[in-house]
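Peer 1: give me a model of this one.
(one chain, ligands or ions: 3)
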Amino acid sequence: MAEKKSGERPHDPKFPEKFLNFMRSGWGPSELDVAESEQAPFTARRREAVSAAFPGETVVVPTGAEKVRANDTFFRFRAGSDFAWLTGDLDPEGVLVLHPNGSGHDAVLYRRPRKGTDSDEFFRSAKYGELWIGRKLSLEETSVRLGVEVRDVERLDGDLTGVERGKVRVLRGFDGAVDARFAAEEATEDAEGKPQLTRDAELAAVLSELRLVKDSWELAQLQNAVDITVRGFEDVARVLPTGGPIAERTLEGVFGLRSRVEGNGLGYDSIVGAGSHATTLHWITNDGRTAPGELILMDMGVENNHLYTADVTRTLPVSGTFTPLQRQVYDIVHASQQAGMDAVKPGAAFQDIHQTCMRVLAEGLGDLGVLPGSVEEALDKDSLVYRRWTLHGFGHMLGLDVHDCAASRPEHYYRGAVQEDYVLTVEPGLYFQANDELVPEELRGIGIRIEDDVRVTADGCENLSAGLPRTADEVETWLAAQREAGPRLATPVES
Ligand code: GLY
Ligand code: MN
Ligand code: MN
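Peer 2: Ligands and ions are numbered 1, 2, ... in the order given. Have a look, this model is predicted:
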């Protein structure tokens, strides 16, 4: 073990008593002015929705702990999304429990207390001590901030004493101790042999499904994440030279700077694909460089300070203008995306939006002359050969996670219909691999995706990322304007 439970490490010095006593004294108060957060009324309503879904049952939702990177160093902690959604608490090691109370549930957040100047951990624990990691909220302050009862996590075990396994649901996979306390359930099948969700998996599904509709606070967070992302793309366009090569990692870094200065960081590793790297869907090695005349595909999203993320892709012509062939492919992808956006409205089946986008792509592939047969043959469900060049679906839900609501049951997500205030991406693309011998040479190495984040409105959708250009002409004009404006350094915004 690199670290004892107290947070001390094996190589920490054995301090003399005189030093210990000296360190225990002489510290003044570190008052904080804590008020209830704007989010608190929203998290309370979200907890009520979970309470209503599981009457009479105990519900346990942990956030997890910091993961070891090496020895006594850790990856930066990122709260569990369901836990954050229900509490607004972004610190590690918390567990939310909904205790049934007869008419509903009492919500209690169990947390590790702060290690301030009244404890030796204050100066001895690199992991928990405030001398090392800064002032944390006390249990009382946390309760005021989040608007929920907060107890010392040491009480969790005792408070769960006597809770029957059949009357508790646990969000598994976040906290080893919580998982161990409640044995995993046996998977079962229905009469037709179809696998059934365990009760715990059903909790994960219900949480995911409740998160499909974004409340007004969440919509504001998503718009904030997208707005920062738009500024990040502008920053990148401003340093993208028309002629000379620039490293993909330089562009990745410029966007990363914006993400960290204005937000919490990245919602996912940035994909920065110059030239044929654009045809690799998850190109995050980013060790290439731009070349004049080529395209560069960038799929980047900022995670804001409340952990909501954007997910945006733009494909830019390095030289400033698309070649006729690049423009032809770009226009196909744009037409597909526009058709997808036009199809998004409450009640629209997720699969129908997909088919709408894919039909436009398949028709475009037909126009490019690469399909082995007709468009209809390519689209036939027993063929789908067009997918060699489209590779992925039209989009996905977006929120606290880039691929949000992923534990939802299919009938509520990709086999269901979208509803008002869902937020999703619309992101068709065409990808011609550099070694694809089934397409003309001039298409090889071209990869184009256009990805925007849309909110489903009462009668259609609103493009949250409309701050970035989408058509080929708009892209060229915008890129020229960014270059004209010149580089700028991301600086913190006043909040
Ligand atoms: N950036 C990942 C995705 O577009 O799904
Ligand atoms: Mn996406
Ligand atoms: Mn993306």
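
Peer 1: for this protein, what lies in contact range of ligand 1?
Peer 2: Taking CB under 6 Å from any ligand atom as the criterion, the chain approaches ligand 1 at residues 268, 299, 311, 396, 402, 427, 451. C-beta coordinates here come from the backbone N, C-alpha and C atoms, glycine included.

Peer 1: out of these, who's near ligand 3?
Peer 2: 299, 311, 451 (CB under 5 Å from the ion).

Peer 1: in a helix, the first one, correct?
Peer 2: No: counting by DSSP: H, G, I helix; E, B strand; the rest coil, Asp299 is not part of a helix but strand.

Peer 1: can you check the pLDDT for it?
Peer 2: Predicted confidence (pLDDT) at Asp299: the value is 99.

Peer 1: so it sits against Asn286, correct?
Peer 2: No: the criterion here is CB atoms under 8 Å, and Asp299 misses it with Asn286 at 11.1 Å.

Peer 1: neighbour count winner among those two?
Peer 2: For Asp299 versus Asn286, neighbours defined as other CB atoms under 10 Å are more numerous around Asp299 (24 against 21).

Peer 1: ok, that one to Thr390 distance?
Peer 2: 16 Å (CB to CB, to the nearest Å).

Peer 1: what do you get for Gly147?
Peer 2: 46 Å.

Peer 1: what about these two, which has more around it?
Peer 2: Per other CB under 10 Å, whichever of Gly147 and Thr390 has more neighbours is Thr390, with 21 against 18.

Peer 1: now for the more buried one: which residues touch it?
Peer 2: Residues near Thr390 by CB atoms under 8 Å, 6 or more residues apart in numbering: 358, 361-362, 428-431.

Peer 1: local confidence estimate at it?
Peer 2: Reported pLDDT for Thr390: 98.

Peer 1: now for the longest helix seen in the chain, which elements pack on it?
Peer 2: Longest among the helix segments of the chain by residue count, using DSSP state H, is helix 216-239. Helix 216-239 is packed against helix 248-262, strand 295-300, strand 302-303, strand 312-317, strand 452-456, helix 472-485, with contacts defined by 3 or more CB pairs under 8 Å, 6 or more residues apart in numbering; DSSP states H and E.

Peer 1: circling back: quick check: which of the ones next to ligand 3 among the residues of the chain next to ligand 1 are also close to ligand 2?
Peer 2: Among these, ligand 2 is touched by Asp311 when using CB under 5 Å from the ion.

Peer 1: isn't Ser37 right up against Val144?
Peer 2: No: using CB under 8 Å, Ser37 is not in contact with Val144, being 9.3 Å away.

Peer 1: how much space is there between the residue in the chain sticking out farthest from the centre and Ser25?
Peer 2: Going by CA atoms, centre = their mean, the residue of the chain most distant from its centre is Lys18, 49.0 Å out. As judged by CB to CB, Lys18 and Ser25 stand 12 Å apart.

Peer 1: what of Thr471?
Peer 2: Thr471 sits 68 Å away from Ser25, going by CB to CB.

Peer 1: and Ala481, by the same measure?
Peer 2: Distance from Ala481 to Ser25, by CB to CB: 61 Å.

Peer 1: of these two, which one has the most company?
Peer 2: Neighbour count, other CB under 10 Å: between Ala481 and Ser25, Ala481 has more, with 13 against 7.

Peer 1: pLDDT value on the more buried one, please?
Peer 2: According to the model, Ala481 scores 98 on pLDDT.

Peer 1: cool, Arg289 as well?
Peer 2: 98.

Peer 1: what bridges to it?
Peer 2: In this entry, Arg289 is beta-bridged to Ala247, by DSSP bridges.

Peer 1: in the stretch 151-300 of the chain, what residue lies closest to ligand 3?
Peer 2: Residue nearest to ligand 3 within the stretch 151-300 of the chain (CB to the ion): Asp299, separated by 3.9 Å.

Peer 1: mind listing the residues bridging to that residue?
Peer 2: Beta-bridge pairing for Asp299 (DSSP bridges): Ile271, Thr313.

Peer 1: need the contact list for it.
Peer 2: 270-271, 311-313, 449, 451.

Peer 1: take those residues and write them to TSV, including neighbour count and pLDDT.
Peer 2: Shown next, in TSV, are the contacts of Asp299 (neighbours: other CB atoms under 10 Å; pLDDT from 0 to 100):
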residue	neighbour count	pLDDT
Ser270	24	99
Ile271	23	99
Asp311	28	99
Val312	26	99
Thr313	23	99
Arg449	23	99
Glu451	25	99
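
Peer 1: Val370: what's it in contact with?
Peer 2: Contacts of Val370 (CB under 8 Å, 6+ apart): 389, 438-440, 443.

Peer 1: residues in this structure within reach of ligand 2, list them.
Peer 2: 311, 425, 427.

Peer 1: identify, from the residues you listed, the entry nearest to Gly263.
Peer 2: Within those, proximity to Gly263 (CB to CB) peaks at Asp311, which comes in at 13.4 Å.

Peer 1: excluding chain neighbours, what is closest to that closest one?
Peer 2: Nearest non-adjacent residue to Asp311, counting by CB to CB, 6 or more residues apart in numbering: Gly301, 4.3 Å away.

Peer 1: circling back to that earlier point, quick check, nearest of the residues of the chain next to ligand 2 to Pro195?
Peer 2: Thr425 (29.0 Å).

Peer 1: so who does the closest one touch?
Peer 2: Applying CB under 8 Å, 6+ apart, the residues near Thr425 are 311, 395-396, 398, 451-454.

Peer 1: cool, and Met23?
Peer 2: Taking CB under 8 Å, 6+ apart as the test, what Met23 contacts is 15, 120, 122-123.

Peer 1: where does it sit, in terms of helix or strand?
Peer 2: Assigned by DSSP states H and E, Met23 falls within helix 17-24.

Peer 1: and Arg327, by the same measure?
Peer 2: helix 324-343.

Peer 1: helices and strands around that helix, which ones?
Peer 2: strand 312-317, helix 350-368, strand 423-426, strand 429-431, strand 447-449, strand 452-456, helix 472-485.

Peer 1: buried residues, it. List them.
Peer 2: 326-327, 329-330, 332-341, 343 (16 or more other CB atoms under 10 Å).

Peer 1: got it, and stretch 49-63?
Peer 2: Applying 16+ other CB under 10 Å to stretch 49-63 flags 50-51, 53-54, 57-63 as buried.

Peer 1: same check, this time on stretch 301-317
Peer 2: Buried, per 16+ other CB under 10 Å, within stretch 301-317: 301-317.

Peer 1: residues making contact with stretch 204-217?
Peer 2: Taking CB under 8 Å, 6+ apart as the rule, stretch 204-217 contacts 38-39, 42, 45-46, 49-50, 53-54, 61, 81-82, 85, 171-172, 197, 222, 397, 399-400, 404-409, 412-413, 419-423, 455.

Peer 1: out of these, which sit inside strands?
Peer 2: 61, 423, 455 (DSSP state E).

Peer 1: beta partners for the second one?
Peer 2: Here Val423 shows beta-bridge partners Arg455, assigned using DSSP bridges.

Peer 1: repeat that for the first one.
Peer 2: For Val61, the beta-bridge partners under DSSP bridges are Leu96.

Peer 1: got any ranges where the stretch 351-495 of the chain has weak pLDDT?
Peer 2: 494-495 (pLDDT under 70).

Peer 1: what does it put close to ligand 3?
Peer 2: Checking the stretch 351-495 of the chain against ligand 3 by CB under 5 Å from the ion, the hits are Glu451.

Peer 1: residue of the stretch 351-495 of the chain nearest ligand 2, please.
Peer 2: For the stretch 351-495 of the chain, CB to the ion, closest residue to ligand 2: Thr425, 4.2 Å.
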